[in-house]
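Colleague: need the 3D shape of this:
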Amino acid sequence: MTNEKKLSFEDAMTKLEQIVDKLEEGDVPLEEAITFYKEGMELSKICHDKLKSVEEQLTQIITEDGRKENFSIDEEE
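Modeller: Below you'll find the model as predicted:
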């Protein structure tokens with residue numbers, strides 16, 4: 001799945017949602033469900049990595065003097 005890494009975040013999320021929908025239907029044969037699950041996990045990792053990269057970029061932009069500070073999107077200030 002090396003091509004998956006070139007997907008945009010939105011495309012990866014769309015594919016992941018399609019996989020979830022298929023698996024939630026419940027009528028997928030076990031072997032096919034396992035394949036879908038593996039693909040979904042890879043797509044999930046791609047989305048996570050892209051979000052982490054954006055978070056790091058935001059950290060660098062927000063930090064005035066260029067020092068690396070801990071920043072989390074979940075934090076409320």
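Colleague: against which helices or strands is the longest helix that the chain contains packed?
Modeller: Secondary structure of the chain read by DSSP state H shows that its longest helix is helix 30-62. If contacts are counted by 3 or more CB pairs under 8 Å, 6 or more residues apart in numbering; DSSP states H and E, helix 30-62 sits against helix 9-25. For every residue, glycine as well, the C-beta is placed using N, CA and C.
Colleague: so what touches the helix it packs on?
Modeller: Taking CB atoms under 8 Å, 6 or more residues apart in numbering as the criterion, the residues outside helix 9-25 that touch it are 4, 7, 28, 33, 36-37, 39-40, 43-44, 46-47, 50-51.
Colleague: just the buried subset of the residues you listed, please.
Modeller: Buried residues within these, counting neighbours by 16 or more other CB atoms under 10 Å: 7, 28, 36, 40, 43, 46-47, 50.
Colleague: biggest separation within those residues, which pair?
Modeller: Val28 and Lys50 (27.1 Å; CB to CB).
Colleague: and the spatially most central residue of the chain, what does it touch?
Modeller: Geometric centre of the chain, nearest residue: Cys47, 1.5 Å, by CA atoms, centre = their mean. Contact partners of Cys47, counting by CB under 8 Å, 6+ apart, are 9, 12-13, 16.
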